[in-house]
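Colleague: Need the 3D shape of this:
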Amino acid sequence: MLNKTVLLLCSLLTSCVVGDMDSSNYTSFPYAHTIQKPGQLGHTDVAQRTRDLYSCGLDKNIAPDDFSRNYVHSGESLEQHKNRIGKIEICMQRKGYLLLDYSACGPLKAPTGKCN
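Modeller: Next comes the predicted model:
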């Protein structure tokens with residue numbers, strides 16, 4: 001009797017499914033997509049944003065979609081990294097852009113429509 005109970009419990013445990021564990025649910029937009037113009041969320045002019053990012057100091061060898069706020073260049077100290085990103089962000093804000101949190105965009109799988 002004990003063996004049957006253990007077998008039943010094991011089969012119940014192995015048949016459980018955890019919902020929403022698809023890792024693609026947590027894939028986020030590129031950082032540049034979180035930089036939006038007010039009143040144009042999700043419809044910001046991408047070509048203009050690209051020109052503005054480059055004029056604000058983004059390395060021209062980095063495509064805006066590859067720009068990561070968290071990437072530290074080789075040989076760059078954390079303080080230099082912080083200053084570099086801060087300079088770009090302040091410049092973009094001065095050009096009238098909003099810096100949205102990744103959560104405002106939603107995951108790539110279920111976008112909110114606020115980021116492009």
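Colleague: Show me the helices in this structure, by range?
Modeller: 2-14, 46-55, 78-94, 102-105 (DSSP state H).
Colleague: In TSV: these, plus distance to Gly113.
Modeller: C-betas here are computed from N, CA, C, even on glycine. Output for the helices of the chain, formatted as TSV (distance: least, CB to CB, whole Å):
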stretch	distance to Gly113
helix 2-14	40
helix 46-55	15
helix 78-94	21
helix 102-105	9
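Colleague: Compare the ones you listed and say which comes out lowest on pLDDT.
Modeller: Of all the helices of the chain, mean pLDDT reaches its minimum on helix 2-14 (a mean of 59).
Colleague: Hmm, Asp101 is touching Thr34, no?
Modeller: Yes - taking contacts as CB atoms under 8 Å, Asp101 lies within contact range of Thr34: 7.1 Å.
Colleague: how much space between the nearest residue to Pro64 once chain neighbours are set aside and Ser77?
Modeller: Once flanking residues are discounted, Pro64 sits nearest to Ala32: 4.0 Å by CB to CB, 6 or more residues apart in numbering. Separation of Ala32 from Ser77 (CB to CB, to the nearest Å): 24 Å.
Colleague: Next: Ala110.
Modeller: 37 Å.
Colleague: before we move on, the earlier item: among the helices of the chain, which comes closest to Thr27?
Modeller: Among the helices of the chain, the nearest to Thr27 by CB to CB is helix 102-105 (10.6 Å).
Colleague: hmm, who's touching the closest one?
Modeller: Outside helix 102-105, the residues that touch it by CB atoms under 8 Å, 6 or more residues apart in numbering are Ser28, Phe29, His33, Thr34, Pro111, Thr112, Lys114, Cys115.
Colleague: Out of the residues you listed, which end up buried?
Modeller: Buried members of the contacts of helix 102-105, scored by 16 or more other CB atoms under 10 Å, are Phe29, His33, Thr34, Lys114, Cys115.
Colleague: Check those against Tyr54 and report the nearest one.
Modeller: Once CB to CB is applied, the member of the buried ones among the contacts of helix 102-105 that ends up nearest Tyr54 is His33, at 16.2 Å.
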